[in-house]
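Participant: curious how this folds, go ahead:
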Amino acid sequence: MKTKRFWDRIAEKYAKDPIADEASYRTKLNVTRDYLGPDMRVLEFGCGTGTTALYHAPAVTEIDAFDISDAMIAIARKKAEDQGIANVRFRQGDSEALDGSAGRYDAVMAHSILHLLEDRKRVITKVHEMLKPGGVFISSTACLGDFSFYIRVAIPVMQMIGKAPYVGSFTEEELVAEMEAAGFSIAHRWCPGKNKAAFLVARKAG
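Facilitator: Predicted coordinates for the structure are as follows:
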């Protein structure tokens, strides 16, 4: 699988690189924590090397986390072992094929992944199904349609030379509309600036 090979190839570098916007990341972590509780079961898809899941692990009962990259998951498992965290289950899996029991989770997280999915609408609908009534879908998404022209032009060029995976082009407004069409209401919405990811907390009625 082309996408899997891309992420496997860059996993080690990805794990070592500093977070591009640490202040915004910390803000998102803090807001997310406000929606979590000790009795909650959480899913994160596209979990990468596990940084976010491991940060939130002490605040919830358990987290199921998966990523398409075996190399990313190997790093995440090692980090969990090193930190002594036992309530996060990391596994390899394809976010495009997201599946699971209805009403299984209290919260679902999807950070830096929705724009990488070719069938984003199906996944959003499936997340809604997998959440319990009143559950939350917390996401951070690069809405390329709102980005500067030069970035939108550069992405296809980078894809041609193997430096970028598939990236969908849509605006934040379009993403919000897709979530609302799936049955969510938007509880929190924030974007730190131009060419930055949109952070959304969407709630299922209940």
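Participant: which intervals of this structure have sub-threshold pLDDT?
Facilitator: 1-2, 149-150, 152-154, 156-157, 159-164 (pLDDT under 70).
Participant: now with 90, please.
Facilitator: By pLDDT under 90, the weakly predicted segments of the chain are 1-11, 13-20, 96-97, 99-101, 144-169, 206.
Participant: do a quick rundown of the helices in it.
Facilitator: Taking DSSP state H as the test, the helices found in the chain are 2-16, 22-34, 51-56, 70-83, 120-130, 149-160, 172-181.
Participant: and of the ones you listed, who's closest to residue 91?
Facilitator: helix 70-83 (6.6 Å; C-beta to C-beta). Backbone N, C-alpha and C define where each C-beta goes, glycine included.
Participant: contact partners of that closest one?
Facilitator: 4, 7-9, 11-12, 14-15, 47-51, 53-54, 65-67, 86, 88, 90-92 (C-beta atoms under 8 Å, 6 or more residues apart in numbering).
Participant: out of those residues, which are buried?
Facilitator: With burial judged by 16 or more other C-beta atoms under 10 Å, the buried subset of the contacts of helix 70-83 is 4, 7-8, 11, 15, 47-51, 53-54, 65-67, 88, 90.
Participant: roughly how far apart are the residue nearest to residue 50 when sequence neighbours are not counted and residue 90?
Facilitator: Nearest residue to residue 50, sequence neighbours excluded (C-beta to C-beta, 6 or more residues apart in numbering): residue 76, at 3.0 Å. For residue 76, the distance to residue 90 (C-beta to C-beta, to the nearest Å) stands at 5 Å.
Participant: ok, now residue 34?
Facilitator: For residue 34, the distance to residue 90 - C-beta to C-beta - is 25 Å.
Participant: same question for residue 172.
Facilitator: 30 Å.
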